[in-house]
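**Q** got a predicted model here, sequence first, then my questions.
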Amino acid sequence: MVTDRLADGVRIAQLLASEVTGNESRLRGLTVADADPEVKPTADGALAYRIVRERDGSPDGDASTETDPDPTVAEVYVQPDRARIEAVAAPDAVADAAREVDLRVRPKAVRPPRTLVFVEDGAGVKRALAVLEAVRSESDDR
């Protein structure tokens, strides 16, 4: 039995980014933007990158569009021992998806509302993909 677990917020966020950029089926249409390769974790969480909707047909991954001025669907923050996904889009769907895959979740009382999902170890990265799928699905429906 393996007793070691990956509990490094930066590394967890890197694994998640790798899944987002490499997952051509389940997360098609989402990509990582504004990644900070030198991000240092903080107790409150430091912004590592945004997850955005890709512009249709853009070979360079440019996420900006004239019809969608802010394509951000989520932001990923790093803390010393975990990563945090802040879902900007589809907060209710994200909360449901996170609960279904046993990730810790809580609402963030801001306008517009956000949902926080905590990825506390490397194994949680695969489960977090269901959360991002919920964001993608809801974003596609708008």
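**A** Done, it's in.
**Q** which elements pack onto the helix ranked longest in the chain?
**A** The single longest helix within the chain, with elements called by DSSP state H, is helix 124-141. Using 3 or more CB pairs under 8 Å, 6 or more residues apart in numbering; DSSP states H and E, the elements in contact with helix 124-141 are helix 9-22, strand 30-33, strand 46-53, strand 72-79, strand 82-87, helix 91-100, strand 114-119. No exception for glycine: its C-beta is placed from N, CA and C like everyone else's.
**Q** now these as TSV including mean neighbour count and distance to V135?
**A** Below are the helices and strands packed on helix 124-141 laid out as TSV (neighbours: other CB atoms under 10 Å; distance: least, CB to CB, whole Å):
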stretch	mean neighbour count	distance to V135
helix 9-22	20	11
strand 30-33	20	8
strand 46-53	22	8
strand 72-79	22	5
strand 82-87	24	6
helix 91-100	20	6
strand 114-119	22	9
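**Q** for these, give me a markdown table that also has distance to V131 and mean pLDDT.
**A** As requested, the helices and strands packed on helix 124-141 are exported to a markdown table (distance: least, CB to CB, whole Å; pLDDT from 0 to 100):
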| stretch | distance to V131 | mean pLDDT |
| --- | --- | --- |
| helix 9-22 | 10 | 95 |
| strand 30-33 | 12 | 95 |
| strand 46-53 | 10 | 96 |
| strand 72-79 | 8 | 96 |
| strand 82-87 | 6 | 96 |
| helix 91-100 | 5 | 95 |
| strand 114-119 | 5 | 96 |
